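**Q** got a structure for you, letters missing:
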């Protein structure tokens, strides 16, 4: 029997990981430099490392991982560098072709500075991939209305060891605000992707979607009337806020490109 290495547990949903993996593989990653921020135990690093090894490539030539707690990193195929402050990354300007951070943004005190740091270290023509809880899905909106807390957010802990848990989700930012931060930093073509359409959200979408869209059209008309500039600079982002992707998807997965 072959001696397989033990499985590495992921803190994020399997479908979120798979979608990020698929988006990364849309490029010829064998010729790229890739950074995994908040690598955790190394689930995605091993997944990418296994793909690279299957192509006859050394994962260390392509992939770098970093985390606040590299001692928990279990994948021996690449190095995991310790970062002391996630909003100041220990890498040179224009160092990586692809930078991804899976379920990291919601743990940060200053996600805008974090996105700016990623822009600094991404090469011109390179890309950023972020995933985070989608607080714009219908279930999360209802939860906030009823309980004051979005889905995948709960009362916060004061213990450092809880930082990676749900009670360490300190920043409930929606797609719109992350998209704004990405464009403010200089990224362009900020796309959004679903990971998993929740059945309960889909049912509510088909039942109440027209009501959501009608209410939002009224809201947009008010913006246009009061400040047309705000509508024009946010036209694309506003068109996504009540899209099927954001009303129904469990997670929000975003990609931005750095201009050449």
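**A** Arrived safely, thanks for sending. Because the structure is a prediction, the values reported are computed rather than measured.

**Q** Who are the contact partners of the residue nearest to residue 10 when sequence neighbours are not counted?
**A** Nearest non-adjacent residue to residue 10, counting by CB to CB, 6 or more residues apart in numbering: residue 43, 3.7 Å away. Every C-beta, even on glycine, is put in place using the N, C-alpha and C of the backbone. By CB atoms under 8 Å, 6 or more residues apart in numbering, the contact list for residue 43 reads 8-12, 17.

**Q** Can I get the buried part of the residues you listed as one ChimeraX selection?
**A** Burial among these is assessed by 16 or more other CB atoms under 10 Å; the matching ChimeraX selection reads:
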select :8,10,12,17
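
**Q** the longest helix in this protein is where?
**A** Counting residues, the longest helix in the chain under DSSP state H turns out to be helix 199-226.

**Q** Could I get the average pLDDT for the helix or strand just after that helix?
**A** Scanning forward in sequence from helix 199-226 by DSSP states H and E, the next helix or strand is helix 228-233. Mean pLDDT, helix 228-233: 96.

**Q** From the chain's centre, how far out is whichever helix or strand comes after helix 228-233? Work that out for me.
**A** Proceeding C-terminally, helix 228-233 gives way to helix 235-241 as the next helix or strand, assigned by DSSP H and E. Mean-position distance between helix 235-241 and its chain equals 18 Å (CA atoms, centre = their mean, to the nearest Å).

**Q** What of stretch 8-28?
**A** Per CA atoms, centre = their mean, the centroid offset for stretch 8-28 relative to its chain is 11 Å.

**Q** And stretch 242-252, by the same measure?
**A** A distance of 14 Å separates the centroid of the chain from that of stretch 242-252, by CA atoms, centre = their mean.

**Q** can you pull the buried residues of it?
**A** So, applying 16+ other CB under 10 Å, buried residues of stretch 242-252: 242, 245-252.

**Q** Please list the residues outside that stretch that contact it.
**A** Applying CB under 8 Å, 6+ apart, the external contacts of stretch 242-252 come out as 12-13, 15-16, 103, 131-134, 136-138, 174-175, 178, 192-198, 201-202, 205, 209, 212-213, 216, 240.

**Q** Now restrict those to buried residues only.
**A** Buried members of those, scored by 16+ other CB under 10 Å, are 12-13, 15-16, 103, 131-134, 136-138, 174-175, 178, 192-198, 201, 205, 209, 212, 240.

**Q** I'd like the list of the residues you listed that fall within strands, please.
**A** For the buried ones among the contacts of stretch 242-252, membership in strands holds for 131-133, 192-194, with DSSP state E as the criterion.

**Q** Max pairwise distance over the residues you listed: which two?
**A** For these, the farthest-apart pair by CB to CB is 133 and 193; their separation is 14.5 Å.

**Q** Give me the distance between the one helix or strand residue 49 maps to and the centre of its chain.
**A** In the assignment (DSSP H and E), residue 49 maps to helix 43-54. Counting by CA atoms, centre = their mean, helix 43-54 is centred 19 Å from the centre of its parent chain.
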